[in-house]
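**Q** Just need the structure, nothing else, for what follows:
(2 chains)
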Amino acid sequence: MATELVGTPVKRVEDRRLITGKGRYLDDIAMPGMVHMAIVRSPYAHANIKSVDTSIARSMPGVVDVLTGADVPYNPLPMAWPAGGSAGIQNNVNTPRALATDSVKWQGEGVAAVVAETAEQAADAAEAIIVDWEPLPAVVDAEAATKPGAPQLHENAPNNVVFEWSVGDKDGTAEAVKGAEVVVKQRLVNQRLIPNPMETRGDIGLYNPGTDEYTIWMSSQTPHIQRLLLAAFVMGVPEHKIRCISPDVGGAFGTKIFCYADYVLVLLASKRLNGRPVKWVESRRENYQATIHGRDHITYLEVAGKRDGTVDAIRVKTYANLGGRLSTIGPGIPTTLYARVLSGCYRIPNVYAEVVGVYTNTAFVDAYRGAGRPEATYVVERAMDLFADEIGMDKAEVRRRNFIPPDQFPYENPSGLGTASGGAKIYIDSGNYEPALDKALAAAGYGDVAAAKADAKARGKLLGIGLSSYIEVCGVAPSKWIGAVGEGWGAAMWESANIKVHLTGKVVVTAGTQPQGQGHETTYAQVVADELGVPMDDVVVQHSDTQGTPFGYGSYGSRTSSVGMTAAIKAAGKIREKARRYAAHMLEASVDDIEVEGAEYRVKGSPDKKKTLQEIAFALDLAFDAPEGMEPYLDETSYHDTPNCTWPFGTHIAIVEIDEATGVVDLKRYVAVDDVGKKINPMIVNGQLHGGIAQGVGQGEDGSLLSGSMLDYAVPRAEWLPTFELDETVTPSPVNPLGVKGVGEAGAIASTAAVANAVNDALAPLGIRHLDMPLTAPRVWKAIQDARAGSSNGHGNGKEAKA
Amino acid sequence: MIPAAFEYDRATSVEEALGLLRTHGADAKLIAGGQSLLPLMKLRLARPDRLIDIGRIEALKGIRRLDDGRLAVGSLTTYADLIASPEIKYGLFRDALPTIADVQVRNRGTIGGAIAHADPASDMPALLLALDAELVCRSAHRGQRTIAATEFFEGPFTTVLDPDELLIEIRLPAPSQHHGSAYRMLEQPASGFAIAGVAAVIGQTEAATGDTFDDIRIAVTGVGDHPYRAAAVEAALVGTPVDAPSIAAAVGAVCEGVEVMGDIHADREYRAAMAVVMAQRALEGARARLT
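**A** Alright, predicted model coming up:
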C-alpha cells in the first residue's frame, strides 16, 4: 500500500476533542424540556418490601412522576448466556426487574424512581420515599451460600445454586491425580472487583408520541444489542421503533455491555411524560452498588505431575459468585470464558473443572476486563508456582517444560473449547511461547535475582519475582461455533462495516462496533486509508448509533480489530473492485487490465492511462455515464464472521519489594512481553497494555469489599506504578488479513498473577506457601507475623487445605 | 452525589463572619477550602442548614513572622501556600505537605480547615501537636483567646471551638537550629489518610547535656479517636541520644493509654503495630536531620 499507516503510531484523531474538553459524554447532553431521574435503592442486602409510600415525594417541588415496581409493565431484564444451556445444564434464572416489586437481593437494587425538573429536586424527593422493609438474613460468600442453613435468596433456587457445570475428562483426570508422583492442593480466592470506569453510566430516554418511537442515549458498549434486548425481551416494542445512541464513552471495561434497569426506566418515564426527555446519570456510589462487579471466585485447585517438571493434570472446583440476580451474561463468564481455557498456554493432558454458579446478596457479577481469563490465568499460574515449589524446580523451567510446543498448533486443549457438544471445534491456532518467556526473563534479569534478594534483605525488604505466562482468547467466534457448541450464548459474533466514497473522494466508514476509549476512529481510519490508498485525513469513522450504522455486536472481548476491522477490509475490497470496474469503463480497457496501486487505477502497460479513486467516485456519484448494469455511487457493506478466535500470549514479570515492618508491597519493576500479532497502532497497543497492567496490579495489591466510595475503595494510582518495560514477539494471527489478535484485555489478564506470584515468592523464605489476594499491607504483615511466630495458620502447608 | 439543600452566606471580613456565626451558631458550618466538607455533603453524610463561606477573607491568608521569631499562619493559608513558603522550614512539614491528597486539594484545602475539621486521621493536627503550636480563635461575644494545640482536639471531628468561634491563625515556634523533626505515615491506600502517622520533634535546650536530647515531642494521628501526644515515649527518650537502641526501647509505648481504632482497612492490632513502626521511623528521620 502506498501510505502504509498500519503499523505506525499515528496520533489519535479523537484526542483533540477529548483532551480539550470538547468530547460529548452522556452528561454533556441537554435537551429542551429535559427532566431528571433519581433511583431509590435498597439499603439492605436482603429484604422484603412490605410497602412503598410515594405520597410525600409526589408533593415535593419539581416532581413530575414517581415510579415503583408496580408501574413497570415490562418483563424482567434478560439473561442471554446460560452456562451450557443447550447442553442440558439446568440454569436457574432470576434476573432483576426494572424496579423490584416484592424483595431486594442486594444493597443497591432499585425499588422506586423519581422524576423531577432538576437533578437536585429528584435527589431530594428520592429521600422522601418511604419503604417499609422487612430485613432478612444475608449471605455474601459464594461457598457459604451453598451450605445447609445459609439464607435462601430465591424459592426456586435451592442452596442458592444457579448452575452446576463441568468440563473435561472427570475420570481420566481423577486417575491422573490419583497416580501422580506429586499432587499439590490449594484453595485460591480471586476477590470481587469494582471495575470503576472514569465515566459512570447514564442515559437519556426520549419517547416521541407522534411516531410512537423511542430514542435512548446511553453510555454503552453495545447499542445494537441493547436495542435488540430492550425491544424483543423487555419492553415488547418493535425493534425498529427503538434507536440507541452511544455518545463518547469514558471507559467501560465490560460494565457497559449489559442491559440495565435504568434504560427501561428513562424510556418508560419519557412515555409517561408524553415525550419529555428523561436523564439519569449514575453517581459513583450507585456505580459501586448497581453496575456489575467482576471476578469473585473461590477455587479448590489440585495440580498433579512428575518430579521431572511435567504437569499431568489440573482439577478445580470453583464457586463463582454471580450476585443476587443474574446480569446479562453472568453465567457465561465462569464457564466458557474461564474453565475452557484453564490450562492456558500449557500442554496439560488432563483437565477437569467443576463450576458452581451461586446467588449471594451482592451486586451482580459479569464480564470485567478479561472476563474469566484473568481468573483462569490466576489459577494456572499459581498452580505452576506451587508445583515448582513442591518439586524444587525453577519456576521458569517448569513453565518452559509444559508449554504447548510450537509444532503442536493447531492445538485442541482438554479443558474444552473443542470438547463441547455439537458444532464446530475451536483450536488454539497459533503460538510460540518460549521466545516470549526468554525475552521477559532476560529483560527482568531473572538470573540475578538471588543477588537482588540479598541486597533487598540488607535493606529490610523482601524481594520477590513473579512470572505470569498467559494466553488470551480474543474475538470470540465464529457464530456457528458459539451458537451450536452447547454454550447457550444467545447471540452471533460477526461484525459489520460500511464504506462510502463521496463525490469529493472523502471516505466515510461506519462500523457496528462502539469504542469506549480504544481509539477506533484512528485505527479504523488507518486500516481503511491503507486499503483505499487515500490520506488518513480523508477518512472519517462513524459509529455507535443504531440509526446509520450497520448492525454490530459491539466492542468487548478485544474483538474490534480482529472481527470488525476485517469487515472494514472486506468492504474496502468491494469498493476497490467496483472502482476497478468503473475505471475500466472510463479508460476503455478490460477490467482484467486495470491494476490498482494506492488510489490509482491504471491500465497495465499504459501508465498514463489512469484514474484516481476520487475521479472514479466523482463520476460514479454523478452517474452521467454509468455503464449498463452498474449502480451509481461507491457504497459497500460487509459482514464478517471470523473463522476462529485469536490467541494472544506472552509472559509478564513483576518484581516487588515488601517492607517487612509494614507489609507494604512496592512494585519495583514490571516487564511485559506480549504477542498480540501485528499491531495497527503500536502507541495505542502500549496504552492498552499500560491500562490493563495497572488494573490487574490493582487487584493484586488492593480491593476492599465494604467500600461504598473512592474513600474506601482503592484504585491504582500512577505514583504506585513503575515504568512498564514492554517488549514484544510477533506471531501474526492466521485468521484475519491484518494478522491482528486484540489487546484490550491482555494486561489485565496477565498482571494480577504476576504480582501475586511475586509477593508469594518474596514471602517464601519465611515458609509462607500461599497468600490470597487482595495483598493488602495488613494481610501481608499478618502473614509475616504468623510465619515468624511459627504458626502456619493456613498460609503454610496447603496439602491439607482442601475442604 | 448532590448535597441536601442549604442556605449560603459569604463573609467578606472576619467581623462579618463572626456576626454570622453569632446569629446562626450551631445551625451553620463554616466552609473554607471545602475539601473535607463538600465530599461529606455530597454523600449527604453532612447536612448543614447553612454554610458561611469564609474562603475569600484575605485577612486570614498568609504567613507572618512575629517579633519573637514565631510564625503566624493565617487559618486560610492553603497547603500549596505552605509548600511555597520559604518560612516553613520544619522538617515535619516538608515531609507531610507533599503527601497530602493531590494538587487540586492542596491548592484549595486550608490549614485552618483541616484543624477545625479534626478528622482523626488527618496529618496536620499531628504536626501542630508535635510543634506545640498555639491556635488563636475569636468569637463575637467572648473575644479572642489562644488555645494550645495539645488542648484543642477532643474527639473525632470534635474540638474545643465554640459554635460561634472562628479559628484565626496558627502560631508555630521559631525555627531552631537545635531541633530536628520528621513526619512518617502509613496511608490508607484509597483515601490517603493515615492508618498511623507520627510526627516527631527532638531538640536540645540550653540545659541539655552532651549528645543527649531533652526536648522530645511525639504526636500521633490515625490511631486514636483524636490526635495525641505519646507522653510515655517522650519521657522515655528525654536524656537519651535518640539513637537506635533508645528509640527501639521507647517506641513500644506509643499507643499507651489510647483506645486504638480498628476499621476495614486496618484492625487494632495492625494499626497499633504501625504506630510503633512510624514512631521509630519518624524519630530516626528527626535525628538524621540533626547530623
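**Q** hey, let's count contacts and neighbours off CA atoms from now on
**A** Will do.
**Q** contacting residues for whichever residue of the stretch 151-291 of chain B sits closest to chain A?
**A** Taking Cα to the nearest Cα as the measure, the point where the stretch 151-291 of chain B comes nearest chain A is B:Ala190, at 3.9 Å. Contacts for B:Ala190 (Cα atoms under 8 Å, 6 or more residues apart in numbering or on different chains) come out as A:Met710, A:Leu711, A:Asp712, A:Tyr713, A:Ala714, A:Val715.
**Q** would the last one count as being in a strand?
**A** No: residue state for A:Val715 (DSSP: H, G, I helix; E, B strand; the rest coil) corresponds to coil; a strand is not indicated.
**Q** which non-adjacent residue is nearest it?
**A** Leaving aside its chain neighbours, A:Val715 sits nearest to A:Gly698 (6.1 Å; criterion: Cα to Cα, 6 or more residues apart in numbering or on different chains).
**Q** which parts of the host helix or strand of that neighbour are buried?
**A** If you go by DSSP states H and E, A:Gly698 is part of helix A:682-701. Within helix A:682-701, the residues scored as buried using 16 or more other Cα atoms under 10 Å in any protein chain shown are A:683-686, A:688-701.
**Q** Spatially nearest residue to A:Val64, not counting backbone neighbours?
**A** Excluding its sequence neighbours, the residue lying closest to A:Val64 (Cα to Cα, 6+ apart) is A:Ala116, at 5.2 Å.
**Q** Can you name the residues bridging to that neighbour?
**A** Bridge pairing for A:Ala116 (DSSP bridges) gives the partners A:His36, A:Val63.
**Q** Show the model's pLDDT score for it.
**A** Predicted confidence (pLDDT) for A:Ala116: 98.
**Q** Quick check: it touching A:Met60?
**A** No: counting by Cα atoms under 8 Å, A:Ala116 stays clear of A:Met60, with 9.1 Å between them.
**Q** And these two? Which one has more around it.
**A** Taking other Cα atoms under 10 Å in any protein chain shown, A:Ala116 and A:Met60 do not tie; A:Ala116 has more neighbours (27 against 16).
**Q** burial measure for A:Lys50, as a count.
**A** Residues near A:Lys50, counting by other Cα under 10 Å, number 12.
**Q** try A:Thr310
**A** Other residues near A:Thr310 come to 18 when the count uses other Cα under 10 Å.
**Q** likewise the one 3 residues further on?
**A** Using other Cα under 10 Å, A:Ala313 has 24 other residues around it.
**Q** Give the closest residue to it in space, chain neighbours not counted.
**A** Spatially, and ignoring its direct neighbours in sequence, A:Ala313 is nearest to A:Asn350 (4.5 Å; Cα to Cα, 6+ apart).
**Q** Let me know the pLDDT of that neighbour.
**A** At A:Asn350, the pLDDT recorded in the model is 96.
**Q** What is the neighbour count of it?
**A** Neighbour count of A:Asn350, defined by other Cα under 10 Å: 25.
**Q** Spit out the contact partners of it.
**A** A:Gly168, A:Asp169, A:Gly172, A:Thr173, A:Ala176, A:Asp312, A:Ala313, A:Ile314, A:Pro414, A:Ser415.
**Q** Is the first one bridged to anything, and to what?
**A** I take that to be A:Gly168. Here A:Gly168, judged by DSSP bridges, has bridge partners A:Tyr352.
**Q** any idea how far it is from chain B?
**A** Distance, A:Gly168 to chain B, by Cα to the nearest Cα, to the nearest Å: 40 Å.
**Q** For that residue, grab the count of nearby residues.
**A** A:Gly168: 22 neighbours (other Cα under 10 Å).
**Q** who touches it in this structure?
**A** When contacts are taken as Cα under 8 Å, 6+ apart, A:Gly168 is in contact with A:Asn350, A:Val351, A:Tyr352, A:Ala353, A:Pro414, A:Ser415, A:Gly416, A:Thr419.
**Q** now the fourth one: how far from B:Pro189?
**A** Relative to B:Pro189, A:Ala353 is positioned 36 Å away (criterion: Cα to Cα, to the nearest Å).
**Q** Settle it for me: which of these two has more neighbours?
**A** The neighbour comparison of A:Ala353 against B:Pro189 (other Cα under 10 Å) goes to A:Ala353, with 27 against 23.
**Q** Report the contact partners of that one.
**A** A:Ala353 makes contact with A:Ser166, A:Val167, A:Gly168, A:Arg315, A:Val316, A:Lys317, A:Thr318, A:Ala339, A:Ser415 under the criterion Cα under 8 Å, 6+ apart.
**Q** same thing but at 10 Å, please
**A** Applying Cα atoms under 10 Å, 6 or more residues apart in numbering or on different chains, one finds that A:Ala353 lies in contact with A:165-170, A:173, A:299-301, A:314-318, A:335, A:338-340, A:342, A:415-416.
**Q** Strands - which of those land there?
**A** Taking DSSP state E, the ones among the contacts of A:Ala353 that sit in strands are A:Trp165, A:Ser166, A:Val167, A:Gly168, A:Thr299, A:Tyr300, A:Leu301, A:Ile314, A:Arg315, A:Val316, A:Lys317, A:Thr318.
**Q** Local confidence estimate at the residue nearest to the first one when sequence neighbours are not counted?
**A** Put plainly, it is A:Trp165. The spatial neighbour of A:Trp165 that comes closest, neighbours along the chain excluded (Cα to Cα, 6+ apart), is A:Val355 at 5.3 Å. In this prediction, A:Val355 carries a pLDDT score of 97.
**Q** Pull up the gap between A:Val355 and chain B, please.
**A** 30 Å.
**Q** State the number of residues packed around A:Arg192.
**A** Neighbour count of A:Arg192, defined by other Cα under 10 Å: 18.
**Q** so where does it fall, helix or strand?
**A** strand A:182-193.
**Q** swap in A:Gly294?
**A** strand A:294-305.
**Q** With A:Leu726 instead?
**A** strand A:724-728.
**Q** then that strand to PDB, C-alphas only?
**A** The C-alpha trace of strand A:724-728 is given here as PDB (Å, rounded to 0.1, in the frame of the first residue of the first chain):
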ATOM      1  CA  PHE A 724       6.300  -0.600  32.500                       C
ATOM      2  CA  GLU A 725       9.100  -2.200  30.400                       C
ATOM      3  CA  LEU A 726       7.200  -3.500  27.300                       C
ATOM      4  CA  ASP A 727       8.600  -5.700  24.600                       C
ATOM      5  CA  GLU A 728       7.000  -8.000  22.000                       C
END
